[in-house]
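Participant: A structural model of the following input is requested.
(chains A and B, ligands or ions: 2)
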Amino acid sequence: MRMRVDHHPVLGKQTDRKQVTIFFNGKPYDAYEGDTIASAMMAQGVYALRQHEVSGNARGVYCNIGHCYECRVKVEDRKVVRACLTTVYHGMEIDSLSGFSEGNE
Amino acid sequence: MKVWNLLIVGAGPAGLNAAIAAAGEGLKVKIIDEFNRIGGRLLGQLHQEPNGEWWNGIDVANRLHEKAITLGVKIESGVSVYDLEQSEFGWKVYTSEGMEKTEKLLLATGATEVPTPIPGWTIPGVMSIGAAQVMGNVHRVKPGNTCVIIGANVLSIAIANELRLCGVEVKEIVISQPNSSLTHSGTPEKVMESLLQLTHLAPSVLLRQAGRVAKYIHPSLAVKFYPKNGMNILDIPIKIKTAATEIIGDKKVKGVKTVNIRSNGEIIPNTERITEADFVCIAGGLAPLPELAALTSCEFKFVHELGGHIPLHSERMETNEPNLFVAGNITGVESAKVAMAQGTVAGLTIASEIKGNKKHSDSAIEEALLTVRKEREEALIQFQPNIARARELIYQQFELDWKAESPKRSIS
Ligand SMILES: Cc1cc2nc3c(=O)[nH]c(=O)nc-3n(C[C@H](O)[C@H](O)[C@H](O)COP(=O)(O)OP(=O)(O)OC[C@H]3O[C@@H](n4cnc5c(N)ncnc54)[C@H](O)[C@@H]3O)c2cc1C
Ligand code: FES
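Facilitator: Ligands and ions are numbered 1, 2, ... in the order given. Below is the predicted model:
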């Protein structure tokens, strides 16, 4: 699935961006320079970015501008960031935060 | 460590224009913004003006950005401000990249969307209407091929059209269930009332005509004759007598369950239906985002017309807190042009305090204030009725509380 709006009747063409590869839960995905983690994953049809800590239910982007913190992901096995504010780079490794299942707390 | 003359939180239209005005008067200015691009909520905006020209927020943002850079403004994106502390020189500002020092601080953090939760609203693929706007117009990504929008207001109707331009089929705009304890959006009659009041200059010809009709008919009558299957605006059915009761799906959204309702919000039995969609948008309206101001001893006031709680401020954008200023949607939800004009006022006010050349600056500030009023009057999108009046009351309240000798009194 590829959901890019390359041609827009008012905003024009957007076809000359540099492609990069990012890794989400270990799997490679195409992205473009300037993408946020959120936009890159949504363009690939990936909506679920993490699991809710308690229920384990899937969660994804809600506000897309940094206000709701629903899109939290882990970058480079270290830092928790908001996917909708964080710009991708080539080779970026992103992981979902998983629910607090037993033995995992 | 350097002490800035002015540090601005928020690189939206208000923050950028404030920086341009202040740097133009010779101040050393820095702007910090947590988004990864400069322009704030301008970036997503795409409306057609009455003269047919497009208001392309990305172009406007780029122009302001370049102008600020040319004037020597330092701009940092991808950095969040999370705490403020008053100090002997002005303010210490704590960011995700360390601390900054400044004499004057301007909060131009804009507005946020009000969520109207309904069962299923946390399923991936359910997002705020602004999220879809930013995905489509800024990131150039379609959140899906088909969508349902819950919430009928000026913003959702404008963005529905923007999504259409991105190639999304907006299947319908419905309202959220009026009698749910979770939402406080109104009955069809209330929705109609607010749509009609706001549409005299609305972004579509059809809505503008509806606004004209509204002068002669009462909303209750308008809603009575409003077709059950909705009215189409640019091929998008707007169904104010259909309410969403639940969003369905598990790991990803599948669609929206709706019922038909009467003008007073009562559910009509046996009308339940499911509309399938790749993604669902919730449009609950906008509210000012004043959290940072709440970390100081700045006085707050709740003003319905301005979208919620706002820091009390003067027309020149001062707060009661020394060296703390506000501009843009943090002071009340309005269109980007008003935010820009307010930014200029704030930038000039701050420059005047630092430079102390009152005579020179007073006339410039007066002129900038006229522009604010003009932009407000001519605004294409008004988020609430009676904004100008509500603003006047706020300015009077500020004068009474913080400028006059007399003890505090309340106006509204
Ligand atoms: C989702 C959404 C969609 C909108 N769509 C429209 C529209 O289509 N048409 C229209 O006329 N108006 C729209 N508006 C109204 C919009 O708020 C104004 O048009 C205008 O952009 C307000 O300008 P501003 O400078 O006050 O704030 P904004 O443009 O919102 O800019 C504020 C900036 O501050 C930054 N910020 C906030 N808090 C922090 C922090 N703690 N640290 C660092 N940075 C921070 C944000 O990242 C943002 O870039 C929309 C508002 C929202 C929230
Ligand atoms: S989606 Fe709300 S913070 Fe990222």
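Participant: next, the contact list for residue 74, please.
Facilitator: Since no chain was named, I'll use chain A. A:80-81, A:94-97 (Cβ atoms under 8 Å, 6 or more residues apart in numbering or on different chains). The way it works is simple: take the backbone N, C-alpha and C, and place the C-beta from them, glycine included.
Participant: right idea, wrong chain: chain B
Facilitator: Applying Cβ under 8 Å, 6+ apart, the residues contacting residue B:74 are B:29-31.
Participant: then residue B:2?
Facilitator: For residue B:2, the residues meeting the contact criterion (Cβ under 8 Å, 6+ apart) are B:28, B:101.
Participant: can you pull the pLDDT of it?
Facilitator: With respect to pLDDT, residue B:2 scores 90.
Participant: so how far is residue B:261 from it?
Facilitator: Look at residue B:2 and residue B:261: by Cβ to Cβ, to the nearest Å, they are 59 Å apart.
Participant: and if you look at residue A:95?
Facilitator: For residue A:95 relative to residue B:261 (Cβ to Cβ), the value is 44 Å.
Participant: which one's more surrounded, the two?
Facilitator: residue B:261 (25 against 15; other Cβ atoms under 10 Å in any protein chain shown).
Participant: how about the contacts made by the more buried one?
Facilitator: B:178, B:187-188, B:241-243, B:267-268.
Participant: excluding its backbone neighbours, what's nearest it?
Facilitator: residue B:243 (5.0 Å; Cβ to Cβ, 6 or more residues apart in numbering or on different chains).
Participant: list the buried ones in the helix or strand harbouring that neighbour?
Facilitator: Using DSSP states H and E, residue B:243 maps to strand B:236-249. By 16 or more other Cβ atoms under 10 Å in any protein chain shown, the buried positions in strand B:236-249 come out as B:236-247, B:249.
Participant: JSON lines for those, including distance to ligand 2 and pLDDT?
Facilitator: Output for those, formatted as JSON lines (distance: Cβ to the nearest ligand atom, whole Å; pLDDT from 0 to 100):
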{"residue": "B:236", "distance to ligand 2": "25", "pLDDT": "86"}
{"residue": "B:237", "distance to ligand 2": "28", "pLDDT": "88"}
{"residue": "B:238", "distance to ligand 2": "26", "pLDDT": "88"}
{"residue": "B:239", "distance to ligand 2": "27", "pLDDT": "90"}
{"residue": "B:240", "distance to ligand 2": "28", "pLDDT": "88"}
{"residue": "B:241", "distance to ligand 2": "31", "pLDDT": "90"}
{"residue": "B:242", "distance to ligand 2": "27", "pLDDT": "94"}
{"residue": "B:243", "distance to ligand 2": "25", "pLDDT": "94"}
{"residue": "B:244", "distance to ligand 2": "21", "pLDDT": "95"}
{"residue": "B:245", "distance to ligand 2": "25", "pLDDT": "94"}
{"residue": "B:246", "distance to ligand 2": "22", "pLDDT": "95"}
{"residue": "B:247", "distance to ligand 2": "17", "pLDDT": "97"}
{"residue": "B:249", "distance to ligand 2": "18", "pLDDT": "96"}
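Participant: of the residues you listed, just say which sits nearest to residue B:366.
Facilitator: residue B:238 (42.6 Å; Cβ to Cβ).
Participant: what are the ranges of the helices in the chain?
Facilitator: Reading this off chain A. Using DSSP state H, the helices assigned to chain A run over residues A:37-43.
Participant: the chain in question should be chain B.
Facilitator: Under DSSP H, chain B gives helices at B:13-24, B:57-70, B:129-133, B:154-165, B:188-197, B:205-214, B:219-224, B:336-355, B:358-378, B:387-398.
Participant: low-confidence ranges, chain A, go.
Facilitator: For chain A, applying pLDDT under 70 flags the ranges A:1, A:101-105.
Participant: 50 - rerun?
Facilitator: A:103-105 (pLDDT under 50).
Participant: flag every residue of it that's near ligand 2.
Facilitator: A:61-64, A:66-71, A:82-84 (Cβ under 6 Å from any ligand atom).
Participant: give me the buried entries from the contacts of residue A:74.
Facilitator: The neighbour count (16+ other Cβ under 10 Å) marks A:81, A:94, A:96 as buried among these.
Participant: just give me the closest of these to ligand 1.
Facilitator: residue A:81 (14.2 Å; Cβ to the nearest ligand atom).
Participant: surely that closest one is in contact with residue A:72?
Facilitator: Yes: Residue A:81 is within contact range of residue A:72, at 7.3 Å (criterion: Cβ atoms under 8 Å).
Participant: what's the burial count for residue 22?
Facilitator: Reading this off chain A. Neighbour number of residue A:22 under other Cβ under 10 Å is 22.
Participant: nope, chain B
Facilitator: 30.
Participant: please name the nearest non-neighbouring residue to it.
Facilitator: If the residues on either side of it in the chain are set aside, residue B:22 comes closest to residue B:347, at 3.9 Å by Cβ to Cβ, 6+ apart.
Participant: look up which residues are beta-bridged to residue 93.
Facilitator: Going with chain A. residue A:23 (DSSP bridges).
Participant: actually chain B
Facilitator: For residue B:93, the beta-bridge partners are residue B:84, residue B:100 (DSSP bridges).
Participant: does it touch residue B:104 like I think?
Facilitator: No: contact criterion Cβ under 8 Å: residue B:93 and residue B:104 do not qualify, at 11.2 Å.
Participant: joint contacts of these two?
Facilitator: With Cβ under 8 Å, 6+ apart as the test, residue B:93 and residue B:104 both reach residue B:7.
Participant: about what we covered before: could I get the contacts of residue A:74 in CSV, plus columns for distance to ligand 1?
Facilitator: Listed next are the contacts of residue A:74 as CSV, based on distance: Cβ to the nearest ligand atom, whole Å:
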residue, distance to ligand 1
A:80, 17
A:81, 14
A:94, 21
A:95, 25
A:96, 24
A:97, 22
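Participant: those in strands, which ones?
Facilitator: A:80-81, A:94-95 (DSSP state E).
Participant: of these, just say which sits nearest to ligand 2.
Facilitator: Out of the ones in strands among the contacts of residue A:74, the member with the shortest distance to ligand 2 (by Cβ to the nearest ligand atom) is residue A:81, at 9.4 Å.
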